[in-house]
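> Structure, please.
(chains A and B)
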There are 2 protein chains.
Amino acid sequence: MKRYEKLVHDISTAIRSGVLAPGEKLPSVRQACLHHKLSPATVFRAYYELENLGLIRAQPKSGYYVSNHAIKQLASKSTPMPEQESTEVTISDLVFSILGSIKNPDTVPLGSAFPWPGLFPLERLSRSLAHATRDMGPAAIVESLPPGNHDLRRQIARRYLMQGIEADVDSILITNGAFEALNLCLEAVTQPGDLVAIESPAFYGCLQALERLQLKAVEIPVDPIHGMDLDYLEKMLEKAPIRACWSMTSFQNPMGVSMPAERKQALVALLTRYQVPLIEDDVYGELYFGMQEHRPAKAYDQAGYVMHCSSFSKTLAPGYRIGWALLPRRFEREVERLKVITSLSTSTIAQAAMADFLQHGGYDRHLRKLRTKFELQQHQYLHLIAQYFPAETQVTQPHGGYFLWVALPEHVDALALFQQALAQGVSIAPGPMFSVRHQCHHCIRINYSKPVDAPVEQAFRTLGRLMDVMRS
Amino acid sequence: MKRYEKLVHDISTAIRSGVLAPGEKLPSVRQACLHHKLSPATVFRAYYELENLGLIRAQPKSGYYVSNHAIKQLASKSTPMPEQESTEVTISDLVFSILGSIKNPDTVPLGSAFPWPGLFPLERLSRSLAHATRDMGPAAIVESLPPGNHDLRRQIARRYLMQGIEADVDSILITNGAFEALNLCLEAVTQPGDLVAIESPAFYGCLQALERLQLKAVEIPVDPIHGMDLDYLEKMLEKAPIRACWSMTSFQNPMGVSMPAERKQALVALLTRYQVPLIEDDVYGELYFGMQEHRPAKAYDQAGYVMHCSSFSKTLAPGYRIGWALLPRRFEREVERLKVITSLSTSTIAQAAMADFLQHGGYDRHLRKLRTKFELQQHQYLHLIAQYFPAETQVTQPHGGYFLWVALPEHVDALALFQQALAQGVSIAPGPMFSVRHQCHHCIRINYSKPVDAPVEQAFRTLGRLMDVMRS
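Model prediction:
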């Protein structure tokens, strides 16, 4: 992070957290230079950036002030839970009609689940691909069979090690993206009709997996600040024979919340006590803002109950479809067996390319740049929401990932807004996609990974106008 | 095919079919020149080749004679069928211990399911990969989502068209190999507990798929000459609520038998009458010998009951994991839905590379060369079997693919032979792998895709010796 970026980060964090209030005056450039030991050029550049983000404004002959576009942060609240304890899942039709409709490349993809691929080092990846496949011998095919390419698994194990997580190379299973890993883990520990604890709201892929395997959902509320409600989870574990828990512990999709370390630890302890496996979806874990990495719940897994699933699809190479599961010994054999009998193997060439890139491509450097971009873009998108959305709008301000979860005023029906916006070339992800009982009617998820340009700004203007019309 | 190759083909076919009997004298070179209108050099080259194959031998000052290594062709016979009509499937443990044990690259892979990768144009594929990914834009990811890369589907549709099979580009779904396609199709039309008609013996992947989905197998005997027993199938359809039929209609694994066209047609008509979908596994269909292509049962599908699954894994690029299903409209949506919620998408880069190769790489030229190689190698392997295996051995002589199904004398237990051979660095595929009831105790499957070299010859010597010891 450059010096000016550090200053932008510090000031924007202060604004977001309320340390600096709307309308408040910032230190003068001279004061800031003295205080932070920076050159005037650096401070000017930071203030210029903050102004561009809409977080501060310059008042001629007076100085810089925190912008009045104050955004209400989505507050903690207790989610009403259903009277029955578990729910059959039938989400597919809704999700499919929504996913299908946003495939048009001319649509502004605020509803997309994918990161904007323009942010990825596609050329460097191609070089890795060429390099890795040029000398690929016939033996590569057998060597890529499950558990997968040995070099790739070694590189992944090294990354765990750097996080202080013990990972045996042979406990890592390469899959077709994290999504296959999650599905295989879930299938390995359940039978049709079983109960599974999931988040509410949840990643719709999780709901689809439950539907496919004919499992019943026990919904555990997710709070926008603290994550999964552990007291409620414990109550449910006490009451019902829950067979597995699926949770996105860092930068949860759609809410963006990351469980604090001590809560992750408590989650693992709780599930271990009930001998319930945790299927941890950690695909956004590497996309944290600032200096503090977000270690997964797996880091606290002493007893071997956490199956940790991740991929490179959100951070490096969306199309390569390379994911993995780090498995406790007790589940290794069964998950690998399912991998073999579901899709046999994962593409040899994609595995080899990923192994090469991890070794030579500068993955950590790329990640650092990506995190900075996402953090800046989050500010810009929050600014657009403040500018164009109704005043009652509340929004999360996650410390990582690339999603905002937006609670719109009561008069806005998210599904209707989705339909109308789509007709005007704008996609959003409506709340009911993320709920077993098709709830979250007033919520939408916004993907902020696309750099702001004229069409993005126009998209927010369109959404604001549509919501205005709905009010009347 | 070159002139001398044509002559080799004609004479070897005559020997295999018994038109030329063991010990019989071949036409002299002079006679052959006159008869076939060939130069002496061409005839000499052909005879030399046939001698190398062990099919003929030169007798000094006398001429050429059909070799005495006569091989008994596996005859048609009625397979005893179980008294109960359907069987729960629990094959995985056996198959896994076998598959795991043959991963060692130093083992002579006669038990492998893969074609020998040295036969594939790996360098040309790398060029296609580089070419296809060099200019790959960010939009490629969304465009590769199910049903998959449009260019690739268009190329596949063109190949169907050349076979006279109607194939809409949008009815083709790209998958992670044919195996995923087959699994998705099966899952789309069944519920746990349902009955599925399968071949006996069958590809073990089929047995594993039934086991995973908790389906019950109704075994239909496969005859080494005629393929699936259609009378028996009809009897079973009449008796029990069969929900699907899974069949490998061309060069069936493990028996190698290809159903004649009129029987494929009859199979489709029969299943259509009972409204039972046919899941057609056609991964070896392109590997026919001679000039006559083997069209799949799909070619006769008027009413839309055949889901045709294939891939490039056996014919071009084993490690790329690119397969597909050609789906009747009624199943399209459900199979695509399952693809999305199982593994989301198939690798963008592998799809693009395959599309490029189909367009520019000379796939048909490669296929022609591959077919000729497999046909020659089949002769060589049959010769090795005749040379080293016990005299009572019977073996299939398929008209395509790269498997021989070998019925060993009664005293040989295939599983014991498997274990003992593996300890000596030779893998074979023992019969019980291919049977729901772990039958076929005296049979093994031999993969003949690896060109004969000293280790292959040594492997046959080892197998012969082991069987000799078993006799005593």
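> Quick check: which element contains A:H366?
helix A:363-388 (DSSP states H and E).
> immediately after that helix, which helix or strand?
Going down the chain from helix A:363-388, the next helix or strand is strand A:394-395, by DSSP H and E.
> Show me what the following helix or strand past that following strand is packed against.
Following strand A:394-395 in sequence order, the next helix or strand is strand A:403-407 (DSSP H and E). Applying 3 or more Cβ pairs under 8 Å, 6 or more residues apart in numbering or on different chains; DSSP states H and E, we find strand A:403-407 packed against helix A:363-388, strand A:394-395, strand A:443-447. C-beta here means a position set from N, CA and C on the backbone, and glycine is covered the same way.
> Find the nearest non-adjacent residue to A:R368, please.
Spatially, and ignoring its direct neighbours in sequence, A:R368 is nearest to A:M1 (7.4 Å; Cβ to Cβ, 6 or more residues apart in numbering or on different chains).
> didn't the one you found look like it was pressed against A:H9?
Yes. Contact criterion Cβ atoms under 8 Å: A:M1 and A:H9 qualify, at 7.1 Å.
> Compare these two (neighbour count), which wins?
A:H9 (19 against 15; other Cβ atoms under 10 Å in any protein chain shown).
> residues touching that one, list them.
A:1, A:289-290, A:375 (Cβ atoms under 8 Å, 6 or more residues apart in numbering or on different chains).
> Also A:G401?
For A:G401, the contacting residues are A:251, A:253, A:256, A:284, A:287, A:374, by Cβ under 8 Å, 6+ apart.
> Turn the residues you listed into JSON lines, including secondary structure.
Output for these, formatted as JSON lines (DSSP: H, G, I helix; E, B strand; the rest coil):
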{"residue": "A:F251", "secondary structure": "coil"}
{"residue": "A:N253", "secondary structure": "coil"}
{"residue": "A:G256", "secondary structure": "coil"}
{"residue": "A:Y284", "secondary structure": "coil"}
{"residue": "A:L287", "secondary structure": "coil"}
{"residue": "A:F374", "secondary structure": "helix"}
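> Now, of those, which are buried?
Among the contacts of A:G401, those classed as buried by neighbour count (16 or more other Cβ atoms under 10 Å in any protein chain shown) are A:251, A:253, A:256, A:284, A:287, A:374.
> thinking the second one is in contact with A:F203, fair?
Right, A:N253. Yes. Using Cβ under 8 Å, A:N253 is in contact with A:F203, at 4.4 Å.
> can you give me how far the worst-scoring helix or strand of chain A on mean pLDDT is from the chain middle?
Here the helix or strand of chain A ranked lowest by mean pLDDT, DSSP states H and E is strand A:72-73, holding a mean of 75. Centroid displacement of strand A:72-73 relative to its chain, using Cα atoms, centre = their mean, to the nearest Å, is 20 Å.
> Beyond that strand, next helix or strand please.
Going down the chain from strand A:72-73, the next helix or strand is strand A:87-88, by DSSP H and E.
> for that following strand, packing partners?
Packed next to strand A:87-88, using 3+ Cβ pairs under 8 Å, 6+ apart, are strand A:216-223.
> Show me what the strand it packs on pairs with in its sheet, parallel or antiparallel.
strand A:87-88 (antiparallel), strand A:195-200 (parallel), strand A:227-228 (antiparallel) (DSSP bridges).
> Would you check that A:E88 makes contact with A:K216?
Yes. The criterion here is Cβ under 8 Å, and A:E88 meets it with A:K216 at 5.9 Å.
> Which one's more surrounded, those two?
Neighbour totals were compared for A:E88 and A:K216, and A:K216 leads with 21 against 12 (other Cβ under 10 Å).
> what is the more buried one paired to in the beta sheet?
A:E88, A:L195.
> can you tell me which residues contact it?
Contacts of A:K216 (Cβ under 8 Å, 6+ apart): A:86-89, A:193-196, A:210.
> my guess is A:E375 contacts A:F289, does it?
Yes. Between A:E375 and A:F289 there is a contact under Cβ under 8 Å: 4.4 Å.
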